[in-house]
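# Fold the following.
(one chain, ligands or ions: 1)
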Amino acid sequence: MERASFSPGCSFLKSLLVAVLLLTSGSSAIGQSKSRTGSAPQARKQPTQPRNPQIARLVSEIDARNIERTIRKLVSFGTRNTLSEQNDPNRGIGAARDWLYGEFEKIAAASGGRLTVEKQAFEQPKAARVPQPTMLTNILATLKGTQADSANRVYVVSGHYDSMCTSPTDAKCDAPGANDDASGTAAVLELARVMSKYKFEATIIFMTVPGEEQELLGSTHFAEEAKKNSMDIEAMFTNDIIGSSIGGNGKRDTHTVRVFSEGVPSNETQQEAMTRRSVGGENDSASRQLARFIKESGERYVPGMKVWMIYRRDRYGRGGDHQPFLERGYAAVRFTEPNEDYHHQHQNVRVENGIQYGDLPQFDDFNYIADVARVNAASLAALALAPARPKNLMVNTGLSNDTELKWDANKEIDLAGYEIVWRDTTEPVWTHAQSIGNVNSYTMKGMSKDNYFFGVRAIDKEGNRSPVSYPRPMPRAPANRTTPASN
Ligand SMILES: [Zn+2]
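Numbering: from 1, shown residues only. Here you go, the predicted structure:
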C-alpha cells in the first residue's frame, strides 16, 4: 500500500531548497512583538505529528456491524425515492425518514442532552425532477461545541437517504440504494453514535438529506438556510457511494477512498479570478486545503487507508451534496469509493444477460464502509478539536526576495501559535512547516513568494493543527504603485 503525505519531491528540488536554506542562514532576526521575521534555517520537512489519543480511541469505536444493520434496514423500505410514500410506515421515503430520526433520537438520549436532533422540513415546489410540490425533510443531529470561542464554528458531515431506480421520478419501483447512498447515511449515523460520547471545541452537524437524486434539493435547502443565517460552516463532507470495494472494472481495492475537491472556487468573483490568473492559487482553494487536511489526518489515524485526493469537484457528468455548499462559499469535499460499478447505480433491479443490475446490499463491503467512516471520524475530530484556520491571511505583494505574511489573531483561549507551511509550486501537498510562535505576521527571509506557495495554520496547546489558510494579495501601499507593472 502506498503511504501518504509529505513524501519528498524530486531530490533535485530538495537539494535546491537546502541550498536556499543554507544561503540565507544568518539573516534571521526574531522580533519581540507580535510580528516576526525568520529565515529558513530552522525550517524543516514536516515532522510526523503525534497522534491525539482521543481521536485514536474514537476511531477504534466505529463498528462495521452497526453500519450493516443500518443499510439493511434502509434497504428494507423498498424504495426511498424522494417522491415515494410519505406516510406508509413500511415502504417509502417517509418510513426511512422516521426510522432515521428515531435512531438519531436514541443516540441523543444516550448523550445526556449534548446531541440534539431536528427535522428540517420544507415544501419543494415543482422542479425538473419534482412533478408536484413535495415535502422534503433533512434530519440534523447537532453536537454543540464545548468551547465558547469555537462553538459557532461548524463542521457538517452528510449522506443522502433517498434512492432511485432507472428513472429518478419513478416512485414505485424498488430502489434499494444500498450503496447510493445507504452507505453514506449509515456512516453518518455511526459517526454520530461514536462522536457524541466525546467533547469537541467546535460544533459538528451529522446530516442526512433527501432529494439528492432530484438535483441536490435537501442539501441546497440546508446550505441556503445556513448562508441566510450566516452560519460559520468551516467544512462540509458528503459521503456518497462509499459502499463497495469492487468496481465494474473488476478491481478490488479495500484500502482507498477518493476525496474530490475543487481547485477554483465555484463562487469565485471576477476580481478573484483576475488575481488568481495573475499570481496562481488555482490549486489552493479552501476545499483543496480541506482535502489535504483529510489526507493527513485520515491516514494518520487509519493507517490501512489511503486518501486518494482527486483534484476536481466531482466525477464526469455527476454531482453531489457538496456542490450547494461550494456555490455558497463553504469549503466542501466528496468521499466516494475508488472504482464504481454502474450496473449497481440508478438501475432497476433485474437480471439481464446473466448480469445482476441494481443497488443491492450484497455488493456492499461493510468493513470497507467502516474504514471510510473512520477516515471521516479522524478528520472531523481533528478539525473540531483544532483552532479555526487563520483568517484574513495576506501576503505583501511588493517586489522583494522575502515573503511577508500577516493575518488576524485567532480567538481560542488554548491557542499556542502558528506554523508557516510551504511547498514547491509543483508539489501536490504541503511539504515543509516551521513553527513561528504566537505572532500575527511573519517574514520568510530569502524565500520569495514567486518561487513557493506559502500558507499558515493555527496550533493549540495540545498540538491540534487547523487546516492551512492560503493568502490573498495585500492591497499595495500607494508608494509602491510607482513601480512599473509591466516588467
Ligand atoms: Zn448518491
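
# right, and the helix or strand after the longest helix that the chain contains?
Ranked by number of residues, the top helix in the chain under DSSP state H is helix 366-385. Counting by DSSP states H and E, the next helix or strand C-terminal to helix 366-385 is strand 394-395.

# Could you pull up the mean pLDDT of the helix or strand just after that following strand?
Following strand 394-395 in sequence order, the next helix or strand is strand 403-406 (DSSP H and E). What strand 403-406 shows for mean pLDDT is 98.

# Check stretch 252-264 too.
If you average the pLDDT values across stretch 252-264, you get 98.

# do stretch 291-300 as well
98.

# which outside residues touch it?
Stretch 291-300 is contacted by residues 3-5, 49, 51, 55, 237, 257, 259-261, 305-307, 309, 333, 374-376, 378-379, 382-383, 429-430, 467-468 when judged by C-beta atoms under 8 Å, 6 or more residues apart in numbering. Bear in mind the C-beta positions are built from the backbone N, C-alpha and C, glycine included.

# switch the cut-off to 7 Å
4-5, 49, 51, 259, 261, 305-307, 309, 333, 375, 378-379, 382, 429-430, 467 (C-beta atoms under 7 Å, 6 or more residues apart in numbering).

# Tell me which helix or strand Arg57 sits in.
Assigned by DSSP H and E, Arg57 falls in helix 53-60.

# if we look at that helix, which residues are touching it?
Residues from elsewhere that reach helix 53-60, judged by C-beta under 7 Å, 6+ apart: Val194, Met195, Tyr198, Tyr301, Val302, Arg374, Ala377, Ala378, Ala381, Ala382.

# at 6 Å what do you get?
By C-beta atoms under 6 Å, 6 or more residues apart in numbering, the residues outside helix 53-60 that reach it are Val194, Tyr198, Tyr301, Arg374, Ala377, Ala378, Ala381.

# so what's the residue of the stretch 301-450 of the chain found nearest the ion up against?
Of all residues in the stretch 301-450 of the chain, the one sitting closest to the ion is Gly320 (6.6 Å; C-beta to the ion). Contact analysis of Gly320 by C-beta under 6 Å, 6+ apart lists Thr238, Asp240, Asp314, Arg334.

# Confirm that the first one sits in a strand.
Meaning Thr238. Yes - membership of Thr238 in a strand is supported by DSSP: H, G, I helix; E, B strand; the rest coil.

# so what's it scoring on pLDDT?
98.

# distance of it from Val154?
Thr238 is 15 Å from Val154, where distance means C-beta to C-beta, to the nearest Å.

# More neighbours: these two, which one.
Thr238 (31 against 22; other C-beta atoms under 10 Å).

# wouldn't that one be in contact with Val157 here?
No - using C-beta atoms under 6 Å, Thr238 is not in contact with Val157, being 8.2 Å away.

# Show me where the chain has its helices.
11-23, 53-60, 64-75, 93-110, 182-195, 217-228, 270-279, 286-301, 323-327, 366-385.

# and of these, who's closest to the ion?
Of the helices of the chain, nearest to the ion by C-beta to the ion is helix 182-195, at 7.3 Å.

# Can you name the residues that contact the residue of the stretch 1-150 of the chain found nearest the ion?
Here the stretch 1-150 of the chain gets closest to the ion at one residue, Arg80, 11.2 Å apart by C-beta to the ion. Arg80 is in contact with Ile93, Ala96, Tyr161, Asp162, Ser163, Gly177, counting by C-beta under 6 Å, 6+ apart.

# Please tell me how far the fifth one sits from the ion.
In other words, Ser163. According to C-beta to the ion, to the nearest Å, Ser163 and the ion sit 8 Å apart.

# any idea how far Met135 is from the closest residue to that residue other than its chain neighbours?
Spatially, and ignoring its direct neighbours in sequence, Ser163 is nearest to Gly177 (2.6 Å; C-beta to C-beta, 6 or more residues apart in numbering). Distance of Gly177 to Met135, given as C-beta to C-beta: 19 Å.
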